[in-house]
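# what follows is a predicted protein model with its sequence.
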Amino acid sequence: MTSQYLTEAATSRFVRIREGDLDLQLHYNDCGQGDRVVVMLHGSGPGASGWANFNRNVAPLVEAGFRVILLDCPGWSKSDSIVCEGSRSDLNASALKGLLDALDIDKVDILGNSMGGHSAVAFALRYPERLGKLVLMGGGTGGASLFTPMPTEGIKRLQGLYRAPTIDNLKAMMDIFVYDTSDLTEELFQARLDNMLARRDHLENFVKSIAANPKQFPDFSPRLGEIVAETLVIWGRQDRFVPMDTGLRLVAGLPNAELHLFNRCGHWAQWEHADKFNRMVLDFLTH
Ligand SMILES: O=C(O)CCC(=O)/C=C/C=C(\O)C(=O)O
């Protein structure tokens with residue numbers, strides 16, 4: 001498959017999973033045909049999806065021979081909605097396990113962005129035998145920052161956008177989401193707004209979830225030493241959503257981790273520095 005076939009529509013799939021207490025229809029994009037499978041897990045912003053988060057990263061991996069699966073987590077995009085009153089990181093890990101069982105995939109590498117990083121670590125702790133390598137960007141564990149008051153300004157704007165999904169609030173969030181806002185087009189804003197407004201149930205359920213449990217992403221720090229997977233941690237030095245010292249906590253706790261810090265980079269490293277990010281991830285996965 002070449003990149004000309006790598007459109008959202010051409011790769012869009014649905015699956016029904018039954019995993020523990022979960023009985024859900026999930027949406028995912030299935031790209032490429034390699035034996036080695038990389039799963040990409042998106043962040044928790046309103047209107048986020050696998051495709052929205054990783055559209056600059058799929059083609060290089062597919063062209064290098066990987067099969068890439070973008071899972072839309074429960075409560076995002078075209079997947080079923082849900083109110084989460086416990087650990088959303090663990091909920092997403094269970095959903096991914098259900099997807100892999102349904103697709104008969106034994107083992108995967110995982111790239112997780114923000115919430116997706118938290119969920120990848122939850123998966124690593126629960127299903128270590130199903131995991132190859134880990135790439136964590138702007139996420140990997142909840143918990144407090146040593147230097148930045150929590151919730152961060154980015155998370156406050158994200159939650160404000162969930163409560164009042166307007167174009168002005170979207171622009172206010174995106175303004176501090178990336179370091180260089182000149183790449184953000186009106187087309188991107190509109191697509192993101194359309195995604196958000198298409199699923200008001202997701203927005204309402206997210207607000208109900210944080211009201212029921214403000215700490216949706218537990219602090220995995222005490223258990224990081226259990227994870228033997230080789231891990232590449234990637235962070236933006238100017239991340240205003242999940243502070244950089246969370247990345248330092250991850251490399252301090254994960255026995256087989258290394259860290260790359262992008263300068264002039266906010267919370268979206270895989271998009272803001274896509275070319276270098278893609279080269280780095282390919283090198284990490286193939287060596
Ligand atoms: O609260 C946290 O720790 C995670 C925040 C998070 O996942 C934010 C992600 C935002 C996006 O990826 C997005 O809006 O595309």
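In hand now; what should we look at?

# from here on, contacts and neighbour counts on C-alpha atoms
Noted.

# the longest helix belonging to the chain near the ligand at all?
Taking DSSP state H as the criterion, the chain has its longest helix at helix 88-102. No - for helix 88-102, no contact with the ligand is found by Cα under 6 Å from any ligand atom; the gap never falls below 9.9 Å.

# check which helices and strands the longest strand along the chain sits against.
Longest strand of the chain, by residue count under DSSP state E: strand 22-31. Packing partners of strand 22-31 (3 or more Cα pairs under 8 Å, 6 or more residues apart in numbering; DSSP states H and E): helix 8-11, strand 12-19, helix 50-54, strand 67-72.

# and the ones you listed, which is most packed in?
Across these, averaging neighbours per residue (mean count of other Cα atoms under 10 Å) puts strand 67-72 on top, at a mean of 25.

# do I have it right that Gly225 meets Gly253?
Yes - between Gly225 and Gly253 there is a contact under Cα atoms under 8 Å: 5.5 Å.

# could you pull out the helices for this structure?
8-11, 50-54, 58-63, 88-102, 115-126, 153-163, 167-177, 186-198, 200-212, 244-253, 269-272, 274-286.

# show residues contacting the fourth one.
With contact meaning Cα atoms under 8 Å, 6 or more residues apart in numbering, helix 88-102 is reached by 15-20, 22, 71, 73-74, 84, 106, 115-116, 118-120, 122-123, 126-127, 216-218.

# give me the subset of these that also touch the ligand.
Met115.

# ok so, going back, so for Gly225 and Gly253, which residue has more residues nearby?
With neighbours defined as other Cα atoms under 10 Å, Gly225 and Gly253 compare such that Gly253 has more, 18 against 15.

# list the contacts for Leu158?
Gly45, Pro46, Met173.
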